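A.B. asks: predicted structure and sequence below. I'll ask about it afterward.
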Amino acid sequence: MVRTQVLIPLERNPFEVFMLALFGFSGFVGLFAGSDNPGVPRWVDISWYGLLALGAVIGLAGEFWRDAVTGLLLLRAAMIPIGVGAYLYAIPVGADAGALPAMITVGLGFAAHWKCYQITRLIRHRESV
């Protein structure tokens, strides 16, 4: 797609779509069914699953948005709550379940924020051309 003489690739990443759908499913199930992790307070679970579901809905909207630039901006916005929620959830998970689950959760947050960086870099590069 060409928008103001800038080429933006129109392609959906099936892995991203699957992961966002999985995040959405997990987030909504966690919000309504609760978690079986007794060491994590309920308000932390609600915050984590709420941010996960919110990010997934915004991200899926971005993946299927007709305008490529707006879709990328939505996808970038979706990664922020997913990443922040992962960092915040890693603290009580690490205290309750140990270092490995906490590191995996922090890794998810890092991957989400790295995607934000990649999208920002792509948009800035395309605008400077």
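C.D. replies: In hand now; what should we look at?

A.B. asks: which residues in this structure form strands?
C.D. replies: 2-3, 6-7 (DSSP state E).

A.B. asks: which of these has the lowest mean pLDDT?
C.D. replies: Across those, strand 2-3 has the smallest mean pLDDT, namely a mean of 51.

A.B. asks: thought Ile58 was touching Arg76?
C.D. replies: No. Checked against CB atoms under 8 Å, the pair Ile58 and Arg76 is beyond contact range at 9.6 Å. In short, each C-beta sits where N, CA and C put it, glycine included.

A.B. asks: ok, Pro41 touching Pro92?
C.D. replies: Yes. At 7.1 Å, Pro41 and Pro92 qualify as touching, with contact defined as CB under 8 Å.

A.B. asks: neighbour-wise, which of these two wins?
C.D. replies: With neighbours defined as other CB atoms under 10 Å, Pro41 and Pro92 compare such that Pro92 has more, 17 against 11.

A.B. asks: spit out the contact partners of the nearest residue to the more buried one once chain neighbours are set aside.
C.D. replies: Among residues not flanking Pro92 along the chain, Val40 sits closest, at 4.7 Å (CB to CB, 6 or more residues apart in numbering). Val40 is in contact with 89, 92-93, 96, counting by CB atoms under 8 Å, 6 or more residues apart in numbering.

A.B. asks: give me the low-pLDDT residue ranges for this protein?
C.D. replies: Counting by pLDDT under 70, the chain shows low-confidence ranges at 1-10, 127-129.

A.B. asks: can you tell me how far the residue nearest to Pro92 sits from Trp114?
C.D. replies: Note on Val40: its distance to Trp114, by CB to CB, to the nearest Å, is 26 Å.

A.B. asks: go on, Pro92?
C.D. replies: For Pro92, the distance to Trp114 - CB to CB - is 24 Å.
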